[in-house]
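A.B. asks: this is the structure alone, sequence omitted:
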């Protein structure tokens with residue numbers, strides 16, 4: 001019988017033997033009756049290369065199987081999920097690079113495998129003493145605002161979808177709808193990422209995209225060429241945000257003609273009396289995030305829409321006239337809604353709609 005050196009290895013005492021993984025709500029999935037398999041010392045950690053306990057599960061119907069990728073010691077060092085290696089404190093999918101940039105944290109992960117194992121063994125003792133390696137309180141007000149703005153308020157289960165079919169990308173997949181993988185063209189930039197770069201916060205394309213997105217509180221704030229558009233479109237409007245709250249925030253930029261709230265779609269429209277007032281509000285939103293009742297509101301310019309029948313639309317489009325800011329239908333019970341004639345009410349259109 002061959003001699004088992006691993007059994008008497010003194011470093012084996014520090015190998016992980018956990019009962020449950022450290023995972024985020026997104027990776028865990030929305031299935032309350034999920035079954036999970038456990039394999040003690042099944043793989044080596046992709047960061048410190050020490051063997052650790054591997055958990056594997058199906059997060060939900062139509063999703064792919066998920067498993068733990070790094071050990072719990074490395075996960076505790078960065079306070080990240082063992083599967084997606086994303087931060088556990090802010091939201092459900094915040095990259096380490098974004099968090100460390102806001103908290104001004106420098107990565108101290110060694111490059112050599114032996115040094116990584118030595119660091120992990122030292123950290124085990126600190127974690128047993130209750131020490132935390134990430135101090136979220138050190139962030140300044142700007143950093144906290146950035147993290148708060150980029151953090152998700154709900155799990156993002158689309159991240160658990162099946163991988164993209166490689167045969168489809170080559171044009172060779174013949175399974176069609178029966179293929180268990182996605183038939184999509186990937187984003188080349190976002191597809192070039194790996195566990196180590198995501199963990200260390202280096203060259204993470206997802207983080208770069210989020211940080212570019214988070215420099216301003218809003219998108220699409222370039223003034224449209226149509227000078228008749230004086231409407232700003234707001235998203236992220238919760239139920240407790242009232243019309244008076246929106247008016248109180250935007251009245252300082254100029255006279256407001258009307259404010260239309262659509263709570264069902266979590267959006268609103270602010271119609272200014274002048275183009276200059278709308279541009280002033282948009283410029284302000286480009287640099288300072290709009291926050292009403294502690295809710296982050298995203299701002300964009302209203303889009304033009306054609307007016308009148310299709311024939312008049314083409315004529316007006318050629319002449320460069322006949323556009324106005326797009327808005328929602330009038331609220332039920334209003335005078336504008338009473339003047340709308342539906343096919344069932346118009347005798348000339350009877351039989352046109354089956």
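C.D. replies: Now that the structure is in, tell me what you want to look at. Since this is a predicted model, take the numbers as computed values, not measurements.
A.B. asks: pLDDT score for the residue sitting nearest the centre point of the chain?
C.D. replies: The centre of the chain sits closest to residue 152, judged by Cα atoms, centre = their mean, with a distance of 5.7 Å. pLDDT recorded at residue 152 is 78.
A.B. asks: again with the one 3 residues further on
C.D. replies: The predicted local distance difference test score for residue 155 is 85.
A.B. asks: pretty sure it contacts residue 26?
C.D. replies: Yes: counting by Cβ atoms under 8 Å, residue 26 is a contact partner of residue 155 at 4.3 Å. Heads up, the C-betas are built off the backbone N, CA and C, glycines and all.
A.B. asks: who has more neighbours out of those two?
C.D. replies: Neighbours per residue, other Cβ atoms under 10 Å: of residue 155 and residue 26, the larger number sits with residue 26, 24 against 19.
A.B. asks: that one: what secondary structure?
C.D. replies: Following DSSP: H, G, I helix; E, B strand; the rest coil, the label given to residue 26 is helix.
A.B. asks: just the element for the spatially closest residue to residue 261 that is not a sequence neighbour, please.
C.D. replies: Among residues not flanking residue 261 along the chain, residue 268 sits closest, at 4.9 Å (Cβ to Cβ, 6 or more residues apart in numbering). In this structure, residue 268 is located in strand 267-272 according to DSSP states H and E.
A.B. asks: quick one: low-confidence parts of the protein?
C.D. replies: 1-14, 91-92, 128-132, 137-142, 187-191, 211-220, 287-288, 305-354 (pLDDT under 70).
A.B. asks: name the helices or strands packed onto the top strand by length along it?
C.D. replies: Taking DSSP state E as the criterion, the chain has its longest strand at strand 36-44. On a contact count with 3 or more Cβ pairs under 8 Å, 6 or more residues apart in numbering; DSSP states H and E, strand 36-44 meets strand 51-57.
A.B. asks: which helices and strands does the next helix or strand after the strand holding residue 268 pack with?
C.D. replies: Per DSSP H and E, the first helix or strand lying C-terminal to strand 267-272 is helix 275-287. Using 3+ Cβ pairs under 8 Å, 6+ apart, the elements in contact with helix 275-287 are strand 231-235, strand 267-272, strand 295-301.
A.B. asks: and the angle for the helix or strand following the first one with strand 267-272?
C.D. replies: This points to strand 231-235. Downstream of strand 231-235, the next assigned helix or strand under DSSP H and E is helix 243-250. For helix 243-250 against strand 267-272, the angle by axes from the mean of the first three to the mean of the last three Cα atoms, to 10 degrees is 50 degrees.
A.B. asks: could you pull out the buried residues of helix 243-250?
C.D. replies: 245-246, 249-250 (16 or more other Cβ atoms under 10 Å).
A.B. asks: same deal with stretch 221-232?
C.D. replies: 221, 224, 226, 229-232.
A.B. asks: over to stretch 102-113?
C.D. replies: 102-103, 105, 109.
A.B. asks: now stretch 249-257
C.D. replies: So for stretch 249-257, counting by 16+ other Cβ under 10 Å, buried means 249-250, 253-254, 256.
A.B. asks: equivalent analysis for stretch 39-56, please.
C.D. replies: Buried, per 16+ other Cβ under 10 Å, within stretch 39-56: 44-48, 50-55.
A.B. asks: surely residue 82 forms part of a strand?
C.D. replies: No: read with three-state DSSP, residue 82 is coil and lies in no strand.
A.B. asks: burial count for it?
C.D. replies: 26.
A.B. asks: now it. Nearest residue, chain neighbours left out?
C.D. replies: Using Cβ to Cβ, 6+ apart, the closest residue to residue 82 is residue 68 (4.1 Å).
A.B. asks: same check, this time on residue 181
C.D. replies: residue 165 (3.7 Å).
A.B. asks: what does residue 193 give?
C.D. replies: residue 205 (5.6 Å).
A.B. asks: my read: that neighbour touches residue 198, true?
C.D. replies: No: using Cβ under 8 Å, residue 205 is not in contact with residue 198; the gap is 9.7 Å.
A.B. asks: when those two are compared, which one has more neighbours?
C.D. replies: residue 198 (23 against 18).
A.B. asks: kindly confirm my reading that that one is in a helix.
C.D. replies: Yes: under three-state DSSP, residue 198 falls within a helix.
A.B. asks: residue boundaries of the helices in this protein?
C.D. replies: 25-28, 72-78, 96-103, 113-128, 141-150, 166-170, 188-191, 195-200, 205-214, 243-250, 275-287, 310-319, 335-338 (DSSP state H).
A.B. asks: the ones you listed: which one's closest to residue 176?
C.D. replies: Smallest distance to residue 176 across those (Cβ to Cβ): 9.9 Å, for helix 166-170.
A.B. asks: the closest one: how far from the chain's middle?
C.D. replies: Offset of helix 166-170 from its chain centre (Cα atoms, centre = their mean, to the nearest Å): 27 Å.
A.B. asks: wait, the residue nearest to the centre of the chain sits on residue 93?
C.D. replies: Yes: look at residue 152 against residue 93 with Cβ under 8 Å: they come within range, at 5.8 Å.
A.B. asks: spatially nearest residue to residue 51 (excluding sequence neighbours)?
C.D. replies: Nearest to residue 51 is residue 41, by Cβ to Cβ, 6+ apart, at 4.1 Å.
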